[in-house]
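Novice: quick one, structure for this:
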Amino acid sequence: MADLSTSEGVDRPGRNGNGVANGAASHRPPTDRRRPVSGLGRVAPYRLLIEEGSDVFSRHDRAGRFLDASPAALPVLGRSPAALRGTLWRDLVHEEDREGFDRWWNELHGGAPTLLTFRMITSDGATVAVQAAARAGVLIDDRVFEVQAVTRTTTAAADLTEVLTHRCLDLTTRAAHLERANGDLTGFAAKAAHDLRSPLSAITGYAQLLARRQGAVLDEVSQQFLANIMAAAGDMADMVDATLKDAGLDTGGRRRGPVDCDELVDRCLRRLEADIDAAGASIEIQPLPTVFGDRVQLGRVFQNLLANAVRSGRPGRPPQIVIAGSRRSNGWEISVTDDGVGIRPIDRERIFREYERGSTAEQGTGTGIGLAICQAIVDAHGGRIWAQEGPGGGSRFAFFLPDPEG
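Specialist: The predicted structure follows:
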């Protein structure tokens, strides 16, 4: 191995082309944060480790050329120290790893020691995965700038192409599985929605028959009950059509447009009238906006949020519910707030992702899968939905709907 303390061929920022020393300011600018380091030739007690060790010890100039390397370069890098001398390190790096190598090399010049795993090409064209730790600095005695590095083989980046190939195959297999699963779910949704049409048709038909035959003799309350039945059946038919559309089937091409939230809430309250009366709930409806979206799907959001609020009351205390809307810079925020049992902070995100019967039942919130449906609908409208603690200790569910583009 050559004397690692030699400075031949080294970039000497402190000397001009004639070997005459420049001013001290040219050696180390005031803003230079590099710390002086000692050259390898100044660690004589460790020479045996350097010359006989399995790791490659190397020195490089500012451009990255090898100034010297320990004998381990031959078994590790496939090139002898003599063959490496004067060679740009970057030229030996695998072309797919050069961008990362360049970033690493530039970071070295800030003075901090860094570590990088990458691939190098040996003299016979083989690929070897290595891990290099390096440090850049100005040598203490002769003010020569150089990079000192320790390089060893590693399995961390070995056979990256093969690994990526296996991952691609795995992802392809999973994608095929998901496609089959989605196909099964689509078929199930279509069948379930189709099967629901028959009882809905029966409910609607008998309600209309009752209205024609007995409507004149029914008192006002009974007539209102009958109207509620027919309205609920119509809403459920809309939901069936929405399910069929979500399953990829054409049911008339629902389109998005202006949606009056006051109207949606009014319909939801009629459907939930029995539950509201049973709970003794008091509901305050503040002015609500007209938003842009799918009327049926947004109706499902209001239905789920209101049903949860009605069922969230504390024992012996009728729930107090407030429905409100407020303008934001680029859309509307709508909220349903109750003073019920509330939801633990740790559960406020999870409840939108999955249905965990145990935890929701313990809290008495009655949330369940309905909130996952709400999030899917709001996400499809380009908005977001979240839960937080209400002013009265209960829960405040809010969702944001952006203004239509254009």
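Novice: just the element for Arg396, please.
Specialist: Here Arg396, judged by DSSP states H and E, is contained in strand 395-402.
Novice: just Trp386 next, same as before
Specialist: Using DSSP H and E, Trp386 maps to strand 384-389.
Novice: how about Asn228?
Specialist: Per DSSP H and E: helix 220-246 holds Asn228.
Novice: so what strands line up beside the following helix or strand past that helix?
Specialist: Sequence-wise, the next helix or strand beyond helix 220-246 is strand 257-260, with elements assigned using DSSP H and E. Paired neighbours of strand 257-260 in the sheet (DSSP bridges): strand 290-293 (antiparallel).
Novice: give me the contacts around the strand it pairs with.
Specialist: By CB atoms under 8 Å, 6 or more residues apart in numbering, the surrounding residues in contact with strand 290-293 are 256-261, 298, 331-332, 334, 381, 401, 403-404. Backbone N, C-alpha and C define where each C-beta goes, glycine included.
Novice: now it: mean pLDDT?
Specialist: Mean pLDDT, strand 290-293: 94.
Novice: give me the buried positions along that strand.
Specialist: When burial is assessed from 16 or more other CB atoms under 10 Å, strand 290-293 yields the following buried residues: 291-293.
Novice: which one of these is nearest Asp124?
Specialist: Gly293 (64.3 Å; CB to CB).
Novice: on that earlier part again, as a markdown table, the buried residues of strand 290-293 with distance to Ile276 would be great.
Specialist: Listed next are the buried residues of strand 290-293 as a markdown table, based on distance: CB to CB, whole Å:
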| residue | distance to Ile276 |
| --- | --- |
| Val291 | 24 |
| Phe292 | 29 |
| Gly293 | 25 |
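Novice: in its sheet, what does the strand holding Arg396 sit against?
Specialist: In the sheet, strand 395-402 lines up against strand 331-338 (antiparallel), strand 384-389 (antiparallel) (DSSP bridges).
Novice: ok, back up a step: the helix holding Asn228 - what's its average pLDDT?
Specialist: When pLDDT is averaged along helix 220-246, the result is 75.
Novice: any idea how far that helix is from the chain center?
Specialist: Distance of helix 220-246 from the chain centroid (CA atoms, centre = their mean, to the nearest Å) equals 39 Å.
Novice: tell me the helices and strands packed up against that helix.
Specialist: Other elements packing on helix 220-246 under the criterion 3 or more CB pairs under 8 Å, 6 or more residues apart in numbering; DSSP states H and E are helix 160-214, helix 261-271, helix 295-310.
Novice: which of these has the lowest average pLDDT?
Specialist: helix 160-214 (a mean of 68).
Novice: output the below-cut-off pLDDT ranges for this protein.
Specialist: Within the chain, the stretches falling below the threshold (pLDDT under 70) are 1-46, 110-113, 138-143, 155-167, 181-198, 201, 241-254, 353-369, 406.
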